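[1] below is the structure, and that's it, no one-letter string:
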């Protein structure tokens, strides 16, 4: 019996990760937006079926095409059951997903602020406990001397968005080095990686952001102007992603700690995938919203003390991210060398060189902060700086997959 409303199933952009379950390899699928807590485990020999669920095939076509590609014949009932499982977990573009997302968006917009989604998971919700955690990371690092750029002003920052257990020392090195330059900041424009975002998407929100240290108000005037500049429908079509996306949140917790009780305003913008610009050899200028957004933000922040922040990590390598072989010590050494090239481009304030490095290697390192860092470098044009806290962090229990992170501070002479 066909699944109602899912005659040609289309898989959404979901959270997918390879795991071992009962001794065999499976792909673990879950809705990234948190609309469903259901998890789907797909055996390795059925993973090719996911790629066929692109909205162009009915059940019989899925059955025949899967048999041709995988050499495995499934009954129509098995295909229908598989699709039904995806539908129940809200992994498909469907009426059920549409209704669930519209309902969640209404709740989000009516709330007084965007609630923290990673308290109790990445960091404590209680202020004293959080302060103790942060000060603990700070105590583990060696304090740097004041920057040789002390005659210049800090204009931009690249901040990790990895969890604090793995990246705490890198966060601490970045923010301790930036501490003297944060005292006069009035506005923060934060570009955060949107792990669910569409290609080239720039998604602001009107909501304020809550951290354990208090609410940071969103600058509605700038957000409304940005939406008008790139088109309101495009600007807010993926606003729901702000609810669960951790990139802005995890960077903002540290920023709010170091800013103290001073009043500042926030322009939170999630940045979607840059895949077309690295795999299809498209120029970012082909997407007009990117250039007009940069031009608008540069204009409206020119007369205020602004800090531009990229909340983005670097490379993702190993089986957890789709590589066929575990990352060896040699692979990690090579990764550090390639990351050093990207970090040099960041510290030179060179957005185009930073992007071209990923393009030249066909995005082999999977830099998830690619779009956020690129936007930050473009907005903070003619800046230069230094890097802090480079680290390679394990991403699976067998230490065969790794995520690399770095902090960077960019300055301008005035």
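    Alright, I've got the coordinates. All values derive from a computational prediction rather than experimental measurement.
[2] from here on, just use CA atoms for contacts and neighbour counts.
    Fine.
[3] walk me through the domains of the protein.
    Domain segmentation of the chain under automatic domain parsing yields 15-103, 113-412.
[4] all helices for the stretch 251-400 of the chain, in order.
    For the stretch 251-400 of the chain, the helices defined by DSSP state H, counting those that start in this stretch cover 275-279, 288-300, 329-347, 351-360, 370-379.
[5] dump the ones you listed into JSON lines; add mean pLDDT and mean neighbour count as well.
    Compiled in JSON lines, these are given as follows (pLDDT from 0 to 100; neighbours: other Cα atoms under 10 Å):
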{"stretch": "helix 275-279", "mean pLDDT": "89", "mean neighbour count": "18"}
{"stretch": "helix 288-300", "mean pLDDT": "96", "mean neighbour count": "16"}
{"stretch": "helix 329-347", "mean pLDDT": "98", "mean neighbour count": "17"}
{"stretch": "helix 351-360", "mean pLDDT": "96", "mean neighbour count": "19"}
{"stretch": "helix 370-379", "mean pLDDT": "98", "mean neighbour count": "26"}
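[6] now these in JSON lines, with distance to residue 255?
    JSON lines is the format used below for the helices of the stretch 251-400 of the chain (distance: least, Cα to Cα, whole Å):
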{"stretch": "helix 275-279", "distance to residue 255": "29"}
{"stretch": "helix 288-300", "distance to residue 255": "21"}
{"stretch": "helix 329-347", "distance to residue 255": "20"}
{"stretch": "helix 351-360", "distance to residue 255": "24"}
{"stretch": "helix 370-379", "distance to residue 255": "16"}
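[7] nearest to residue 182, out of the ones you listed?
    helix 370-379 (17.3 Å; Cα to Cα).
[8] quick one: low-confidence ranges for the chain?
    Filtered on pLDDT under 70, the chain yields the residue ranges 1-5, 144-150.
[9] so which residues of it form strands?
    15-21, 24-30, 39-43, 153-159, 187-193, 202-204, 209-211, 214-216, 265-271, 306-311, 316-317, 384-394, 402-412 (DSSP state E).
[10] could the domains of the chain go into a markdown table alongside distance to residue 7?
    Output for those, formatted as a markdown table (distance: least, Cα to Cα, whole Å):
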| stretch | distance to residue 7 |
| --- | --- |
| domain 15-103 | 5 |
| domain 113-412 | 24 |
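[11] out of those domains, which is the most enclosed?
    Highest mean neighbour count of those: domain 113-412, a mean of 19 (counted as mean count of other Cα atoms under 10 Å).
[12] could you give the separation of it from the chain centroid?
    8 Å (Cα atoms, centre = their mean, to the nearest Å).
[13] please produce CSV containing the strands of the chain, extended by distance to residue 173.
    Formatted as CSV, the strands of the chain follow (distance: least, Cα to Cα, whole Å):
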stretch, distance to residue 173
strand 15-21, 30
strand 24-30, 34
strand 39-43, 37
strand 153-159, 10
strand 187-193, 19
strand 202-204, 28
strand 209-211, 21
strand 214-216, 23
strand 265-271, 23
strand 306-311, 15
strand 316-317, 22
strand 384-394, 6
strand 402-412, 8
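[14] for the ones you listed, which one sits closest to residue 377?
    Among the strands of the chain, strand 153-159 comes nearest to residue 377, with 7.9 Å by Cα to Cα.
[15] re the thing from before, which stretch among the domains of the chain approaches residue 6 most closely?
    Closest to residue 6 of these is domain 15-103 (Cα to Cα; 6.9 Å).
[16] and the closest one, how far apart are its ends?
    21 Å (Cα to Cα, to the nearest Å).
[17] quick one: distance of it to the chain centre.
    Centroid separation for domain 15-103 versus its chain: 23 Å, with Cα atoms, centre = their mean.
[18] and residue 174, which of the helices of the stretch 251-400 of the chain is closest to it?
    Residue 174 lies closest, by Cα to Cα, to one member of the helices of the stretch 251-400 of the chain: helix 329-347, at 13.6 Å.
[19] helices of the stretch 1-150 of the chain, start to end?
    Going by DSSP H, counting those that start in this stretch, the stretch 1-150 of the chain shows helices at 48-52, 59-70, 76-88, 95-110, 127-139.
[20] any chance of those in a markdown table, plus distance to residue 339?
    Listed next are those as a markdown table, based on distance: least, Cα to Cα, whole Å:
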| stretch | distance to residue 339 |
| --- | --- |
| helix 48-52 | 31 |
| helix 59-70 | 36 |
| helix 76-88 | 37 |
| helix 95-110 | 37 |
| helix 127-139 | 24 |
